[in-house]
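S.K.: no FASTA, just this:
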């Protein structure tokens, strides 16, 4: 079983390498970005938790804002290695071209349902994430927002591995590698059913038992609405993961 899962991981990661081998008929725009994020998890009890994410995403060279989002989710463990969650994201999208003359920011509302499954194998953990999103985009005309929203669906599958490399000051240093495929659906989607592929590789270090810092490289390959135009984005990721165990405080107060 373990060998089959590892084969699947290698196969999916190879999709990202294939995507970078771009045929000549495609028009590909290269971009460089840096993403900052803070991820907080409130552990309510042994089964329930609440998560909050803050993401700031920017172009560099030149330095321009690209995206900002706040995501909240309520999560529940539903079996051995399984977790189900429902959440909502408020998303702000600036132009996809850093030198665009019109700098209109478009809001997006994004509820989602998600399933996570983790498979521990000694020092290695294989993680699967399944997410379905309904995306509501604010209507816009030229350089201004207009009334109403248009919408579509998006389905995402991410598979990754997390491997403990060593311990530094009794805290683990881990290698994290994952690949995510995203697919669009809806009446407005004509030429870009395939939305994007994200390949990610980085190092995670637990500064404290409940506080982790992560630095990574991500390649984001995205198909545009035309079908033949693509973005190839090279991204530096800097992230903080913070867990607060409220269940311990509840036990102390009960005592």
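M.R.: That came in fine, so what should we check first? Because the structure is predicted, anything quoted here is derived from the model rather than measured.

S.K.: Where does the prediction get shaky in the stretch 101-250 of the chain?
M.R.: 249-250 (pLDDT under 70).

S.K.: how about a cut-off of 80?
M.R.: In the predicted model, the stretch 101-250 of the chain carries pLDDT under 80 at residues 248-250.

S.K.: ok, which stretches of the stretch 1-150 of the chain are helices?
M.R.: According to DSSP state H, counting those that start in this stretch, the stretch 1-150 of the chain carries its helices in the segments 2-20.

S.K.: for it, what spans make up the strands?
M.R.: 27-43, 48-59, 64-79, 82-93, 106-121, 124-141, 144-168 (DSSP state E, counting those that start in this stretch).

S.K.: of all these, which lies closest to residue 229?
M.R.: strand 27-43 (4.7 Å; Cβ to Cβ). (Each C-beta comes from the backbone N, C-alpha and C, glycine too.)

S.K.: Next, the buried residues of that closest one.
M.R.: Neighbour counts using 16 or more other Cβ atoms under 10 Å place 31, 33, 34, 35, 37, 39, 41, 42, 43 of strand 27-43 among the buried residues.

S.K.: Including distance to residue 168, could those go into a markdown table?
M.R.: Below are the buried residues of strand 27-43 laid out as a markdown table (distance: Cβ to Cβ, whole Å):
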| residue | distance to residue 168 |
| --- | --- |
| 31 | 34 |
| 33 | 29 |
| 34 | 25 |
| 35 | 25 |
| 37 | 23 |
| 39 | 21 |
| 41 | 23 |
| 42 | 27 |
| 43 | 25 |
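
S.K.: before we move on, back to that, I'd like the strands of the stretch 1-150 of the chain as TSV, with distance to residue 216 appended.
M.R.: Putting those into TSV (distance: least, Cβ to Cβ, whole Å) gives the following:
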stretch	distance to residue 216
strand 27-43	9
strand 48-59	14
strand 64-79	17
strand 82-93	21
strand 106-121	19
strand 124-141	15
strand 144-168	11
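
S.K.: Tell me which of these sits nearest to residue 225.
M.R.: Judging those by Cβ to Cβ, what sits closest to residue 225 is strand 144-168, at 11.1 Å.

S.K.: tell me the angle of the closest one relative to strand 124-141?
M.R.: 170 degrees (axes from the mean of the first three to the mean of the last three Cα atoms, to 10 degrees).

S.K.: I'd like to know which elements strand 144-168 is packed against.
M.R.: The helices and strands touching strand 144-168, judged by 3 or more Cβ pairs under 8 Å, 6 or more residues apart in numbering; DSSP states H and E, are helix 2-20, strand 106-121, strand 124-141, strand 171-185, strand 194-208.

S.K.: can you list contacts of the helix or strand just after the last one?
M.R.: Using DSSP states H and E, the helix or strand that follows strand 194-208 in sequence is strand 211-223. Where contact means Cβ atoms under 8 Å, 6 or more residues apart in numbering, the residues beyond strand 211-223 that reach it are 16, 19-20, 35, 176, 191-192, 194-207, 229-243.

S.K.: what separates strand 211-223 from the chain centre, distance-wise?
M.R.: On the basis of Cα atoms, centre = their mean, to the nearest Å, strand 211-223 is displaced by 8 Å from the centre of the chain it belongs to.
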